[in-house]
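# for reference, the sequence and a predicted model appear below.
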Amino acid sequence: MRHNIFEILLGAIILALAIFIAGYAFIYNSNKVGTHYLIDAEFGRIDGIIVGADVKLGGVKIGRVAQTSLDKISFASKVSMEIDAVIKLPKQTEASIASEGLLGKNFIRLKIPQKLQLPISYLEYGNKIAKTTDPASLEDLLGRALFLINNNGNK
């Protein structure tokens, strides 16, 4: 009998702990509702961009890549980004794909033009960034360098 009471007590403690952890996870995640908004951008290619990649403005992380997909009609690579709700991006914001270095991770770099059209309107949930720049591939960069070297040698 004493053995059964110990098992019941141990089971109750484990159940209470499981309920506590589930409640904590629910409260933690419910506090994050409304802390970001989604915007989209389309690129010709998104080399190295994965879900969870950083979205940076001026070198500061302001969001993350939420989803990547391929548009079935235009065959453009579509990137959905979660942006912190406190950051209001103008509609003229530009997006490009950059790297943290030669062997670093790729991320989305956002740039706000210095001269904005007045009145300033902001991107909202579901809007798309109109101006994007595809990443430069290593092959393209080497080809340009060889072209410049050959042209300078021919003069």
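Sure thing, it's come through.
# what's opposite residue 55 in the beta bridge?
residue 63, residue 108 (DSSP bridges).
# what's the average pLDDT for the helix ranked longest in the chain?
Identified as the longest helix of the chain according to DSSP state H is helix 2-30. In this model, helix 2-30 has a mean pLDDT of 78.
# what helices and strands are in contact with it?
Contact partners of helix 2-30 among helices and strands, from 3 or more CB pairs under 8 Å, 6 or more residues apart in numbering; DSSP states H and E: none. To be clear about C-beta, it is placed using only N, CA and C from the backbone, and glycine gets the same treatment.
# so after that helix, what's the next helix or strand?
Sequence order places strand 36-43 as the next helix or strand after helix 2-30, per DSSP states H and E.
# could you give me the buried positions within stretch 42-53?
42-43, 46, 49, 53 (16 or more other CB atoms under 10 Å).
# quick one: contacts of that stretch?
With CB atoms under 8 Å, 6 or more residues apart in numbering as the test, stretch 42-53 has contacts from 64-68, 71, 74, 76-79, 95, 97, 99, 105-108, 128, 132, 134-135, 137.
# how far does it stretch from start to finish?
The straight-line separation of the ends of stretch 42-53 (CA to CA, to the nearest Å) is 16 Å.
# could you do stretch 73-90 as well?
With CA to CA as the measure, the ends of stretch 73-90 fall 28 Å from one another.
# in it, what's buried?
76-83, 87, 89.
# taking those together, which two end up most distant?
Farthest pair in the buried residues of stretch 73-90 (CB to CB) is 76 and 87. Separation: 24.8 Å.
# hang on, the earlier thing: mind checking which of the buried residues of stretch 73-90 are in strands?
77-83 (DSSP state E).
# low-confidence stretches in the protein?
1-3, 27-34, 152-155 (pLDDT under 70).
# tell me the domain ranges of it?
Annotated domains of the chain cover 1-33, 36-137 [automatic domain parsing].
# out of those, which is the most enclosed?
Greatest average neighbour count among the domains of the chain goes to domain 36-137 (a mean of 15), per mean count of other CB atoms under 10 Å.
# what about that one, distance to the chain center?
Taking CA atoms, centre = their mean, to the nearest Å, one finds domain 36-137 lying 7 Å from the centre of the chain it belongs to.
# ends of that domain, what's the gap?
End-to-end distance for domain 36-137: 31 Å, by CA to CA.
# these two touch, right, residue 54 and residue 61?
Yes. Counting by CB atoms under 8 Å, residue 54 touches residue 61, with 4.9 Å between them.
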